[in-house]
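Asks: following is a predicted model, sequence given first.
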Amino acid sequence: MMLRIPFVKKPPLVSVVRLAGAIGMAGRGSLNDATLAPVLEAAFSKGKPAAVALEINSPGGSPVQSSLIGARIRRLAAEKDVPVIAFVEDVAASGGYWLAASADEIWADASSVLGSIGVISSGFGAHELLARHGVERRVYTAGESKSMLDPFRAENPEDVERLKGLLGDIHENFIDYITERRGDKLDGSHKLFTGEVWLAKRATELGLIDGIGHLKPALKARFGDKVKLRRYGVKRPFLSRFGLQVAQEAMMGIEERAEFARFGL
């Protein structure tokens, strides 16, 4: 039984939420709004935290899931009146930077990779391979755009233009969010939204982050040496802990590894 001593002030509490991995992938306890909802709710609510710290290490992923997670963080921060501080590890790129921008402040290691404020869509074309092997592709649709960008048919310029329009609209949403969140901190004289990435020092100069710093020292400097950190994170699915779904987990791991590899990590 814990005895409570009156008039003794408790040390400040900071909730630490780990956001690591690609965003929106199935399995592997990935980052998506549905799995993170209870984690974030608990982090902002339990123990009246003085702040919520986000540990971010993500190469990006789904723009929709990035937006949903970011919106949830901002909504909870406003409801609970709790400041949010992001600490970037290896990378906060694309959707990973979207998550970082949901914080009131962003700090990173000197060698962290940040930015990639852009949108990408990739695929493959196999129609020539099929033709060489005498395979005929048969597709029947109702709606002229239903088979848009079918990888087994020759590329249609109209489909490409349609896709570029969609990507452009998503990019504008991304730009609007970063502009809203970082505001006057951004260096308006530099092209920040081309998909380029920077290390932390340059990102600080551009206003994309607030400076170079690590989680524990920064929180101790702000809240005192006795600050208490309470960690929250997405737990691995129960069955996967016993070696089940191994093949699926391995494939997801390869896909996620490829996302990190885009930034030399």
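Replies: Yes, it's here.
Asks: please report how far the residue most central in space within the chain lies from residue 104.
Replies: Closest to where the C-alpha atoms of the chain average out (C-alpha atoms, centre = their mean) is residue 96, at 2.9 Å. Applying C-beta to C-beta, to the nearest Å, the value for residue 96 to residue 104 is 17 Å. C-beta: built from backbone N, CA, C; applies to glycine.
Asks: same thing with residue 117?
Replies: Taking C-beta to C-beta, one finds residue 117 at 19 Å from residue 104.
Asks: more crowded one of these two?
Replies: Higher neighbour count among residue 117 and residue 104: residue 117, with 22 against 16, using other C-beta atoms under 10 Å.
Asks: tell me the SS of the more buried one?
Replies: Assigned by DSSP: H, G, I helix; E, B strand; the rest coil, the conformation of residue 117 is coil.
Asks: quick one: contacts of the top strand by length along the chain?
Replies: Looking across the chain with DSSP state E, the single longest strand is strand 84-93. With C-beta atoms under 8 Å, 6 or more residues apart in numbering as the test, strand 84-93 has contacts from 20, 51-60, 73, 77, 99-100, 102-109, 112-116, 197, 200, 209, 213-215, 218-219, 260, 262-263, 265.
Asks: figure out how far that strand is from the centre of its chain.
Replies: 9 Å (C-alpha atoms, centre = their mean, to the nearest Å).
Asks: mean confidence (pLDDT) on that strand, please.
Replies: Throughout strand 84-93, pLDDT has a mean value of 98.
Asks: beyond that strand, next helix or strand please.
Replies: On the C-terminal side of strand 84-93, the closest following helix or strand by DSSP states H and E is helix 95-101.
Asks: mind listing what's buried in the helix or strand hosting residue 68?
Replies: Element membership of residue 68, judged by DSSP H and E, is helix 63-80. By 16 or more other C-beta atoms under 10 Å, the buried positions in helix 63-80 come out as 63, 65, 66, 67, 68, 69, 70, 72, 73, 74, 76, 77.
Asks: so which of those comes closest to residue 33?
Replies: The shortest gap between residue 33 and any of the buried residues of helix 63-80 belongs to residue 68, at 3.8 Å (C-beta to C-beta).
Asks: got the contact list for the helix holding residue 68?
Replies: By C-beta under 8 Å, 6+ apart, the list of residues contacting helix 63-80 reads 19, 23-24, 31-33, 36-37, 40-41, 44-45, 52, 54, 60, 82-84, 94-95, 98-99, 101-104, 119, 170, 173-174, 177.
Asks: buried ones among the residues you listed?
Replies: For those, buried by 16+ other C-beta under 10 Å: 19, 23-24, 31-33, 36, 40, 44, 52, 54, 60, 82-84, 94-95, 98-99, 101-104, 119, 170, 174, 177.
Asks: determine the longest helix present in the chain.
Replies: What stands out as the longest helix in the chain, according to DSSP state H, is helix 157-182.
Asks: which is the next helix or strand following that helix?
Replies: Counting by DSSP H and E, the next helix or strand C-terminal to helix 157-182 is strand 197-199.
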